[in-house]
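Asker: Sequence plus the predicted model coming up.
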2 protein chains.
Amino acid sequence: MSVAPTAADASTSDEISYAELALAARNHAMPLEALRDDVTPAGLHYLLIHFDVPHLDATSHRLEVDGHVERPLALDLDALRALPSVTAPVTLECAGNGRAKLAPRPVSQPWLDGAVGNAEWTGTPLRGVLEQAGVRDGAVEVVLTGADRGIQGGVEHDYQRSLPLDEALRDEVLLVWAMNGAPLLPQHGFPLRAIVPGWYGMTHVKWLTRLTVLTEPFDGYQQAVAYQFQVSDDDPGRPVTRMRVRALMVPPGIPEFMSRERTVRPGAHDLRGRAWSGHGAIERVEVSADGGRTWSEAALEPPPAPHAWQAWSWTWDVREPGAYELCCRATDATGATQPLEPDWNVHGVENNAVQRVGVEVVPEA
Amino acid sequence: MSVAPTAADASTSDEISYAELALAARNHAMPLEALRDDVTPAGLHYLLIHFDVPHLDATSHRLEVDGHVERPLALDLDALRALPSVTAPVTLECAGNGRAKLAPRPVSQPWLDGAVGNAEWTGTPLRGVLEQAGVRDGAVEVVLTGADRGIQGGVEHDYQRSLPLDEALRDEVLLVWAMNGAPLLPQHGFPLRAIVPGWYGMTHVKWLTRLTVLTEPFDGYQQAVAYQFQVSDDDPGRPVTRMRVRALMVPPGIPEFMSRERTVRPGAHDLRGRAWSGHGAIERVEVSADGGRTWSEAALEPPPAPHAWQAWSWTWDVREPGAYELCCRATDATGATQPLEPDWNVHGVENNAVQRVGVEVVPEA
């Protein structure tokens, strides 16, 4: 029997448990200064690994394709690499990004802001492999199975997520073997993973071993119990799918080691950041230097590739010493923007509340 | 005025503050399954970054050499790469590894076990550059300055550490531009860092901009205030230098997502891990399956390069379901071994208490 987190599991403590710390130590956030990079370097991209990083051999690795198909397949890496290949920059964000800023705090990986990254992924469209196997009439979903195995919610399972068939057949959905021009790193899914542009990270299954075509919706733990947006235990909820709109900035100035508080000198500061949405292009980014009371329009760089983050900048001309709170918020092509306060929910997902960066402006020494 | 942490700053809470969480999110631990690798892949090596990752340009970067020398230098990367080059595997561990296991807990980066890694570093001996500059009589230390700047202990400073001259002149001490055969990643010190085999991580200064030869001991914050081993506020303490002996194992079986507790099936399990010491070669590794009451000898792989971690293995043949606590401990060539309980100290450094891994043995489903 699987055990779903409940609202009562949320912590009212201002402090973090050891179990949460152990997750925070394993699951790497992107330090926000890496927002300056168009392409996130190896080792700075965020990581969320439910179980352990599997140790896989690329030579013997096979992707099995089974279920409701005409011709079950077992493809090795060479067979996949022989298919048409695509390289695309894609922004990935963990659905739980910002979870640790909710109060009470749903107890899971305690992300602050940094569960994001934008890499260049190389692979072949999933669609081509499904066509090779021949999806039979009546199919509704494709289950992606990873080699990572463990226990969550009381259930021992391989990590598995499904995609509706129409999503799986989008040209942009890839089976990927390279990241930033190099073979996938072990922690990013070596030797094969999925990339599903626009969706939160849980969908981009790593260490991919199997595609299974189903005639009924998949009800595995990571699909039906985890990754639900529920405002209360009574709320049946809805599945988490595409990334909400969000902007983040590189914190300006210099940090204090322990508090991470920022210090800047009076003058003109070039604030830079990125914005993204799984629902459409970024149309607008605004910046506030007074905690969200007043907003100014940031300049957008030329539009990036469809699923890569959008660079923006704004000059903060500050003369008066004192404490400031910088905020940024984005608006996407659907008109969706970011709330000033989080939308609390049981699993602590989809928190796209505006980033707030405290800065002390101090005179030159 | 700089402010040293005191014993009263240690937290008696079983929980972690938000400031500690923010550090844990930035500063990546190596997930322990990466102990299986001889060479830690990019992005899995631990990271401790006091301030922000600087954004440096390799083309314009210069290493200045000044202070008590005959000929001050300003060397670009090409000039350094033209010098004799060495590639060596070197294990680095943060001095604060295990800090979060101390009670009360010194408040700083809250490391559990994973602040370690073993990479292959390529560079040129520091000694050659010092000889080129001509160290003058009376020199006692070399200060290494990084481009990372921030505030710690109330003091704004560039990150700086010194080495006694005799340490700096060891052939093994390198100025490094490549890691695992690729240019340094931004977070590992691009384009130039120091590697000081045997010493804790704070010494391997990243984003290196300057070497300054001094005739008096350096008294900067990171040297004279941070990184001291003090058992109480009254203890004048001693500087943290070389890594204490330590062994770690790959946790066997599969994890529970949230608790990280391990589950294994009855049978023979091949336990594997690594051990290292900054004081000498690893001569012995022992393993306990009963929480440290009885110990068995692990097998050592052939000795590695002088400053790389030592692989070891032990077969755990377990038939009886139930709860077990696995431990491992190493002994180095000086006879030093690991304590069962931590040596508490004000800064929470050098905690090499034996690793303890709780495992539940459950019958096959």
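Answerer: Thanks, I have it. Quantities reported herein were computed from a predicted structural model and do not represent experimental measurements.

Asker: Show me what from the stretch 101-250 of chain A comes close to chain B.
Answerer: A:107-108, A:110-112, A:114, A:149-152, A:156, A:185-188 (Cβ under 8 Å from any Cβ of the partner chain). The C-beta positions use only the backbone N, C-alpha and C, and glycine is treated the same way.

Asker: hmm, try it at 6 Å
Answerer: A:Pro110, A:Leu112, A:Gly114, A:Arg149, A:Gly150, A:Ile151, A:Gln152, A:Leu185, A:Pro186, A:Gln187 (Cβ under 6 Å from any Cβ of the partner chain).

Asker: Help me confirm that the fourth one comes into contact with B:Ile254.
Answerer: Yes: counting by Cβ atoms under 6 Å, A:Arg149 touches B:Ile254, with 5.4 Å between them.

Asker: show me what contacts A:Gly114?
Answerer: A:Ala29, A:Met30, B:Ala25 (Cβ atoms under 6 Å, 6 or more residues apart in numbering or on different chains).

Asker: Identify the residues contacting the nearest residue to A:Arg193 once chain neighbours are set aside.
Answerer: Once flanking residues are discounted, A:Arg193 sits nearest to A:Lys206: 4.4 Å by Cβ to Cβ, 6 or more residues apart in numbering or on different chains. Neighbouring residues of A:Lys206 by Cβ under 6 Å, 6+ apart: A:Gly146, A:Gly189, A:Arg193.

Asker: try it again with 8 Å
Answerer: Counting by Cβ atoms under 8 Å, 6 or more residues apart in numbering or on different chains, A:Lys206 makes contact with A:Ile49, A:Gly146, A:Asp148, A:Tyr159, A:His188, A:Gly189, A:Arg193, A:Ala194.

Asker: Run a quick neighbour tally on A:Glu131.
Answerer: 11 (other Cβ atoms under 10 Å in any protein chain shown).

Asker: Please confirm that it is located within a strand.
Answerer: No: assigned with DSSP: H, G, I helix; E, B strand; the rest coil, A:Glu131 falls outside any strand and is helix.

Asker: which of the residues in stretch A:155-174 are buried?
Answerer: A:157-163, A:165, A:167-169, A:172-174 (16 or more other Cβ atoms under 10 Å in any protein chain shown).

Asker: Can I get that stretch in CSV? Just the C-alpha atoms.
Answerer: The C-alpha trace of stretch A:155-174 is given here as CSV (Å, rounded to 0.1, in the frame of the first residue of the first chain):
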residue,chain,number,x,y,z
VAL,A,155,6.4,1.1,-2.2
GLU,A,156,9.5,-0.5,-3.7
HIS,A,157,9.7,0.5,-7.3
ASP,A,158,11.7,1.4,-10.3
TYR,A,159,11.3,5.1,-11.0
GLN,A,160,8.5,5.4,-13.6
ARG,A,161,6.5,8.2,-15.1
SER,A,162,4.0,8.2,-18.0
LEU,A,163,3.3,10.6,-20.8
PRO,A,164,-0.1,10.9,-22.6
LEU,A,165,0.5,9.5,-26.1
ASP,A,166,0.0,12.9,-27.8
GLU,A,167,2.7,14.4,-25.6
ALA,A,168,5.0,11.5,-26.2
LEU,A,169,4.6,12.0,-30.0
ARG,A,170,5.6,15.7,-29.9
ASP,A,171,8.6,16.1,-32.2
GLU,A,172,10.5,17.9,-29.4
VAL,A,173,10.4,14.9,-27.0
LEU,A,174,13.8,13.3,-27.1
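
Asker: Centroid-nearest residue for chain A?
Answerer: Geometric centre of chain A, nearest residue: A:Glu93, 1.5 Å, by Cα atoms, centre = their mean.

Asker: residues contacting that one?
Answerer: A:Tyr46, A:Ala115, A:Val116, A:Tyr200, A:Gly201, A:Met243, A:Arg246, A:Trp276.

Asker: can you rerun that using 10 Å?
Answerer: Residues near A:Glu93 by Cβ atoms under 10 Å, 6 or more residues apart in numbering or on different chains: A:30, A:46, A:111, A:114-118, A:199-201, A:243-244, A:246, A:248, A:276, A:278, A:309, A:350, A:352.

Asker: And A:Ala10, by the same measure?
Answerer: A:Leu102, A:Ala103, A:Pro104, A:Arg105, A:Pro106, A:Val107, A:Ser108, A:Trp344, A:Asn345, A:Val346, A:His347, A:Gly348.

Asker: now swap in A:Gly150 and tell me
Answerer: By Cβ under 10 Å, 6+ apart, the contact set of A:Gly150 is A:49-52, A:156-159, B:253-257, B:260, B:262-263.

Asker: now the residues you listed: which count as buried?
Answerer: Buried among those by 16+ other Cβ under 10 Å: A:49-52, A:157-159, B:253-257, B:260, B:262-263.

Asker: What sits closest to the residue of the stretch 201-350 of chain A found nearest chain B if chain neighbours are left out?
Answerer: With Cβ to the nearest Cβ, the shortest gap between the stretch 201-350 of chain A and chain B falls at A:Phe257, namely 3.9 Å. Excluding the flanking residues, the one nearest A:Phe257 by Cβ to Cβ, 6+ apart is B:Gln152, at 3.9 Å.

Asker: That neighbour bridge partners, please.
Answerer: B:Val155 (DSSP bridges).

Asker: State the pLDDT value of it.
Answerer: B:Gln152 is assigned 96 on the pLDDT scale.

Asker: picking that back up, from the residues of the stretch 101-250 of chain A next to chain B, which two are the most distant?
Answerer: A:Leu112 and A:Arg149 (28.5 Å; Cβ to Cβ).

Asker: Which one's more surrounded, these two?
Answerer: Using other Cβ under 10 Å as the criterion, A:Leu112 and A:Arg149 rank with A:Leu112 on top: 21 against 18.

Asker: The more buried one sits in which helix or strand?
Answerer: For A:Leu112, there is no enclosing helix or strand under DSSP states H and E.

Asker: wait, it sits on A:Asn27?
Answerer: No: A:Leu112 is beyond contact range of A:Asn27, at 11.7 Å (criterion: Cβ atoms under 10 Å).

Asker: residues shared between the contacts of these two?
Answerer: B:Ala24, B:Ala25.

Asker: Between all of the buried residues of stretch A:155-174, which two are separated the most?
Answerer: Taking Cβ to Cβ, no two of those sit farther apart than A:His157 and A:Glu172, at 27.7 Å.

Asker: Any idea how far stretch A:265-283 is from the middle of the chain?
Answerer: Computed by Cα atoms, centre = their mean, to the nearest Å, the chain-centroid distance of stretch A:265-283 equals 18 Å.

Asker: which ones among the contacts of A:Gly150 are found in strands?
Answerer: A:Glu156, A:His157, A:Asp158, A:Tyr159, B:Ile254, B:Pro255, B:Arg262, B:Thr263 (DSSP state E).
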